[in-house]
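this one's sequence-less:
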């Protein structure tokens, strides 16, 4: 697991020399004009530091990640730090040019054996301002070279360097439940704090919440970051007022980008509709794909008329973007974009970048409404499409998480129902993809269906561990642990209640545990740190 050590007094002279003759890989910058710099170093380094390896010089190798993986990691980390006036870079020249007390190097390496603890990364709290180039480390090999995991660990370790401790969870009696807050929810809006355990959630962000030092020892991430490191938030890019100061989008279709930097930040835009007609508006957070993977901003959009009267606020429940198809009369209108809370998190950390776009004119597909039910292990669907043009194709899509969808069935365009029996239990997410004969593509609402018989798992399993797997069981059970190649590593018997299965002698990485008895079977993935 990500870890840190607090140093009260540290005077270090560091000497870095490149392990390779020249920097390789893409040179990327999130905000090149910023002085403050977080450098993601994927090339390997020779390090001399009193803070690491007992002060003995050591060399760590490159990350063994591809350019495409490095780019994705950069994009994910950049979005985490998008609200701030700091440059995320993969260019060593930018790091060297930055002020000594406003920079940190995060070394992403496949060489982890020098650090004995089975953690995904390490760094010192507050080292960003020490002025001696004390680096942090992220161990790509211990994170299975998974770009999502490596990116989350980079943001987490960089978070330590700018002054942050871990975020934890407590019960109602102030007893520590989890040192690393794993967040809550599923799908696009499944959320976890950057300084907790954010490996398994799509939406990650900053939080004002408890630390391991007590349930009342809360940590205001945003205030700490912007008050202790010589940089603050990015300058506001758009006025928040619904008046003449709102940014003009003109009279035609438009496409603009913006950043929500604080929970109170709002971006206001004005546009003129020259004639009554259809308009298609999208407000989309930064993401790596159409399912908003890696997005941190849950977008809310409000539409006002020319007299500044609110027409409607759009904030879908289960997705982070907003899509609106409507008919507007001729006249002046305003759009206001902001971050929003959802079922899993408030708007404190709903921050990041977005694009706002609109198409005016013919919109043959006006609305797609998907409904469904789960009965007797069968999932059944009905839908209604309002369109001016014939429908060319209908595809029902399914997802295990609500984030990434795949085709379940292509359905005849004259049909508006479908039914099948899933081959897996638990919650499944569905949406309908519709294409008109002129090529317009639209998606329905996302529908979550859960079998009534599978609402409660019989076993609660700690999936991120360092030595013991904790299993809370409703009844006696048997278990089998396999590696990712299917090799059986351990098997045994557990009893009703709390059990611990020791895997301390196993190397770091991913494993699968199967738990079963005569009445139930459950499979979980374990990540040993």
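The structure has been received and is ready for your questions. Since this is a predicted model, take the numbers as computed values, not measurements.

Tell me where the stretch 51-200 of the chain has helices.
67-80, 92-97, 147-161 (DSSP state H, counting those that start in this stretch).

what packs against the second one?
Packed against helix 92-97 by the contact rule (3 or more CB pairs under 8 Å, 6 or more residues apart in numbering; DSSP states H and E) you find strand 37-41. For every residue, glycine as well, the C-beta is placed using N, CA and C.

I would like the residues contacting the strand it packs on, please.
With contacts defined as CB atoms under 8 Å, 6 or more residues apart in numbering, strand 37-41 is touched by 70, 73-74, 77, 81, 86-92, 94-95, 98, 102-108, 128, 135, 154, 158, 161.

Mark which of these are buried, thanks.
70, 73-74, 77, 81, 86-92, 94-95, 98, 102-108, 128, 135, 154, 158, 161 (16 or more other CB atoms under 10 Å).

From the opening residue of stretch 40-59 to its closing one, how far?
17 Å (CA to CA, to the nearest Å).

List the buried residues for that stretch?
40, 41, 42, 43, 44, 45, 47, 48, 49, 50, 51, 52.

One more: stretch 252-263?
Going by neighbour count (16+ other CB under 10 Å), the buried part of stretch 252-263 is 254, 256, 258, 259, 260, 261, 262, 263.

hang on, the third one in a strand?
Yes - secondary structure of residue 258, determined by DSSP: H, G, I helix; E, B strand; the rest coil: located in a strand.

isn't it right next to residue 240, touching?
No - using CB atoms under 8 Å as the test, residue 258 is too far from residue 240 to be in contact (11.2 Å).

Give the residues shared as contacts by the two.
residue 267.

shaky segments in the protein?
Applying pLDDT under 70 to the chain flags residues 1-23, 362-363, 403, 451-456, 484-485.

Give me the domain ranges for it.
Under automatic domain parsing, the residue ranges defining each domain of the chain are 1-235, 247-360, 365-454, 459-528.

what about the shortest one, start to end distance?
Its first and final residues considered, domain 459-528 spans 19 Å by CA to CA.

Do me a favour and get the end-to-end distance for stretch 45-58?
8 Å.

distance between it and the chain's centre?
33 Å (CA atoms, centre = their mean, to the nearest Å).

just stretch 40-50 next, same as before
Using CA atoms, centre = their mean, the offset of stretch 40-50 from its chain centre is 27 Å.

same check, this time on stretch 232-242
24 Å.

And for stretch 300-317?
For stretch 300-317 - counting by CA atoms, centre = their mean - the centre lies 27 Å from the chain centre.

End to end on that stretch, go ahead and measure it.
OK, stretch 300-317 end separation, CA to CA: 11 Å.

which stretches of the stretch 201-350 of the chain form helices?
Under DSSP H, counting those that start in this stretch, the stretch 201-350 of the chain gives helices at 221-227.

how much space between residue 329 and residue 269?
The gap separating residue 329 from residue 269 is 18 Å, by CB to CB, to the nearest Å.

quick one: which of these two has more around it?
Neighbours per residue (other CB atoms under 10 Å) separate residue 329 from residue 269, with residue 269 holding more: 22 against 11.

Hmm, the more buried one is touching residue 246, no?
Yes - judged on CB under 8 Å, residue 269 makes contact with residue 246 at a distance of 5.8 Å.

tell me, what's touching the two both at once?
238, 334.

which pair in the buried residues of stretch 40-59 spans the largest distance?
Maximum pairwise distance among the buried residues of stretch 40-59 (CB to CB): 24.7 Å, between 42 and 50.

tell me the most buried of the helices of the stretch 51-200 of the chain?
When the helices of the stretch 51-200 of the chain are scored by mean count of other CB atoms under 10 Å, the highest mean neighbour count falls to helix 147-161 (a mean of 27).

Who are the packing partners of that one?
strand 37-41, helix 67-80, strand 103-109, strand 121-124, strand 136-139.

rerun that using 6 Å as the cut-off
Helix 147-161 sits against helix 67-80, strand 103-109, strand 121-124, strand 136-139, with contacts defined as 3 or more CB pairs under 6 Å, 6 or more residues apart in numbering; DSSP states H and E.

Adding distance to residue 315, write these out as TSV.
Listed next are the helices and strands packed on helix 147-161 as TSV, based on distance: least, CB to CB, whole Å:
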stretch	distance to residue 315
helix 67-80	20
strand 103-109	35
strand 121-124	34
strand 136-139	35
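
Which one of these lies nearest to residue 323?
The nearest among those, by CB to CB, is helix 67-80 at 20.7 Å.

how big is the angle separating that closest one from strand 37-41?
Angle, helix 67-80 to strand 37-41, by axes from the mean of the first three to the mean of the last three CA atoms, to 10 degrees: 160 degrees.

Most remote residue from the middle of this protein, which is it?
residue 275 (40.4 Å; CA atoms, centre = their mean).

Quick one: residues contacting it.
By CB atoms under 6 Å, 6 or more residues apart in numbering, the contact set of residue 275 is residue 330.

please renumber so the chain begins at 49
Got it, first residue is 49 now, which makes that one residue 323.

List the contacts of residue 450.
Neighbours of residue 450 in contact, by CB under 6 Å, 6+ apart: 234, 235, 236, 477.

Can you give me the distance of the second one to residue 387?
Meaning residue 235. For residue 235 relative to residue 387 (CB to CB), the value is 18 Å.

beta partners for residue 403?
Judged by DSSP bridges, the bridge partners of residue 403 are residue 305, residue 332.

isn't it right next to residue 305, touching?
Yes - using CB atoms under 6 Å, residue 403 is in contact with residue 305, at 5.0 Å.

Residue 511 and residue 248: what is the separation?
8 Å.

cool, residue 287 as well?
Relative to residue 248, and taking CB to CB, residue 287 is found at 38 Å.

between those two, which one's more packed in?
Neighbour totals were compared for residue 287 and residue 248, and residue 248 leads with 18 against 15 (other CB under 10 Å).

Residue 449 versus that one, what's the distance?
Counting by CB to CB - residue 248 and residue 449 are separated by 9 Å.
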